[in-house]
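A.B. asks: Here's a sequence, model it:
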Amino acid sequence: MAAQPSTAESAGEPCVGTPLGQGSAGPAGGDSAAVEALPAAKILPEQDRPVLLTPRTPREDAGGSAPGSVGKRVRDRASSRLRRHMPGKGGGALADAATPAERIKPNPQVESLFSELSKAIPCGFMTQDFSNAAEASTDKSVHSAANLSPEQLELVKSDAERHASLITSLSKAISDFTAPDMTTLVEYVRDTSARLGVIMANEAAVLEQFPTWPQGKWDSLCEAGEAYSELSQYARKEKQWLLQRGTCDEEVQKIEAFVDRVRSRTQLLEAKQGASEAHWQLQGIPWDGSVYRAVRVNSLHLATLYMSRVLFEVASLEKEAALPHQACLRHLAASIRVCHKIHDLAGGFEQGQSELFDKVRRLAKYYLRVMDASWFSETDQQ
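C.D. replies: Residues are numbered from 1 along each chain as shown. Take a look at the predicted model:
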């Protein structure tokens, strides 16, 4: 996966990079040996044993070992094996809002396994949420002229006189404005806000000085435009998200934090939109509900990346570590936790995510059988 330029890097969001795994050959031929070395592995039914995470090469099937070379050949193998955990060519096509709804189907195993792990693993590990309510808040304080000091009120009156012509013309334009679609509405709100930026005093107090100013409609336009812009940005970031070169913990934690924020904000914005829908219709706002579908469908791409990265990490641990039980189960349990969140947000999985989840499920159930999950503690909730 080649590196690509991205404007989102400047905003601090991980979006474009190359797959992880550099410096590690990943699981090639050691999975079977690692499974046999685990406690109680031989007494488990064959169908409950972990599936091989990568295809075996002809040399391995003939009894040989994987090449031990280092450098570029090792990095290429690691990157290739990570992509093999992802459905479709080169990791699969990114989801988009045009995906037919019938391709997303509820997977009952997600809820079942999540409930099982919630009971087996203590310390609330399966119910962690990394959303930041304070950061997500977009509440804005508005001061009317009645709450201003005499000095501030004098400045408001001065600005009202200076910009009377502009505000009068904008009042008529907003009253007559009808947007054909939400994209046009967002652009109109952005342009009008920039023109109002010349007001140096308290903007709300200055606008109160004009009886013809359509404050109700302007508030509705701003609220709808901001909600649509935020949701569109979430859908775009979900679709463009690629793994970088960080550790497994670093990469998956970024994904989960973003998923938690998207879920909380989407639920909040959808509730606000539902409460304001009738009023927006009266104001002629052409709200496009497909933006919610775009957020939900594109979130499946994050599930694909998360599970693929975890499967790669578990395969590497099984090959390299003597007793990787705890680290493997922690990664798998966190993967099921995030999958449960995305499954709830999207309303189900497509076939690609269901296939990956089945691999995660079989591995998680295996590790639950061969070890005690009571070692989970507060220090593992990261």
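A.B. asks: Quick one: name whatever helix or strand follows the host helix or strand of residue 154.
C.D. replies: Per DSSP states H and E: residue 154 is located in helix 150-162. Of the helices and strands lying after helix 150-162 in sequence (DSSP H and E), the nearest is helix 164-176.
A.B. asks: which of the residues in that following helix are buried?
C.D. replies: Within helix 164-176, the residues that count as buried by 16 or more other CB atoms under 10 Å are 167, 170, 171, 174. The C-beta positions use only the backbone N, C-alpha and C, and glycine is treated the same way.
A.B. asks: Tell me the secondary structure of residue 271, please.
C.D. replies: helix (DSSP: H, G, I helix; E, B strand; the rest coil).
A.B. asks: Please list the residues outside stretch 247-260 that contact it.
C.D. replies: Contacts of stretch 247-260 with the rest of the structure, by CB atoms under 8 Å, 6 or more residues apart in numbering, involve 13-14, 20, 129-131, 237, 241, 243-244, 246, 299, 302, 305-306, 309-310, 312-313, 331, 334-335, 337-338, 341-342, 345, 382.
A.B. asks: Would you list the phi and psi of residue 349?
C.D. replies: Per-residue torsions, residue 349: phi -130, psi 150 (degrees, to the nearest 10).
A.B. asks: What is the burial count for it?
C.D. replies: 24 (other CB atoms under 10 Å).
A.B. asks: Restrict the helix holding residue 154 to CA atoms and write it as PDB.
C.D. replies: Output of helix 150-162 as PDB, limited to C-alpha atoms (Å, rounded to 0.1, in the frame of the first residue of the first chain):
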ATOM      1  CA  PRO A 150     -22.700  50.600  28.500                       C
ATOM      2  CA  GLU A 151     -19.300  50.600  26.800                       C
ATOM      3  CA  GLN A 152     -20.100  47.400  24.900                       C
ATOM      4  CA  LEU A 153     -23.600  48.700  24.000                       C
ATOM      5  CA  GLU A 154     -22.000  51.900  22.500                       C
ATOM      6  CA  LEU A 155     -19.700  49.800  20.300                       C
ATOM      7  CA  VAL A 156     -22.700  47.700  19.200                       C
ATOM      8  CA  LYS A 157     -24.600  50.800  18.100                       C
ATOM      9  CA  SER A 158     -21.500  52.100  16.300                       C
ATOM     10  CA  ASP A 159     -21.100  48.900  14.400                       C
ATOM     11  CA  ALA A 160     -24.900  48.800  13.500                       C
ATOM     12  CA  GLU A 161     -24.600  52.200  12.000                       C
ATOM     13  CA  ARG A 162     -21.400  51.400  10.100                       C
END
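A.B. asks: residues of that helix that come out buried?
C.D. replies: For helix 150-162, burial by neighbour count (16+ other CB under 10 Å) applies to 153, 155, 156, 159, 160.
A.B. asks: Can you check what angle separates it from helix 164-176?
C.D. replies: 80 degrees (axes from the mean of the first three to the mean of the last three CA atoms, to 10 degrees).
A.B. asks: Show me what helix 150-162 is packed up against.
C.D. replies: Applying 3 or more CB pairs under 8 Å, 6 or more residues apart in numbering; DSSP states H and E, one finds that helix 150-162 contacts helix 203-207.
A.B. asks: who does the helix it packs on touch, helix- and strand-wise?
C.D. replies: Helix 203-207 sits against helix 150-162, with contacts defined as 3+ CB pairs under 8 Å, 6+ apart.
A.B. asks: can you list contacts of the helix it packs on?
C.D. replies: Counting by CB under 8 Å, 6+ apart, 145, 148, 167, 199, 200, 201, 202, 205, 206, 209, 210 sit against helix 150-162.
A.B. asks: how close does the fifth one sit to residue 158?
C.D. replies: Using CB to CB, to the nearest Å, residue 200 is found at 9 Å from residue 158.
A.B. asks: in a strand, that's where residue 266 is, yeah?
C.D. replies: No. Counting by three-state DSSP, residue 266 is not part of a strand but helix.
A.B. asks: low-confidence ranges in the stretch 1-150 of the chain?
C.D. replies: Within the stretch 1-150 of the chain, the segments meeting pLDDT under 70 span 1-101, 132-146.
A.B. asks: so where's the stretch 251-382 of the chain shaky on pLDDT?
C.D. replies: 321-324, 372-382.
A.B. asks: quick one: the helices in it?
C.D. replies: Per DSSP state H, counting those that start in this stretch, the stretch 251-382 of the chain carries helices over the ranges 290-320, 325-346, 351-370.
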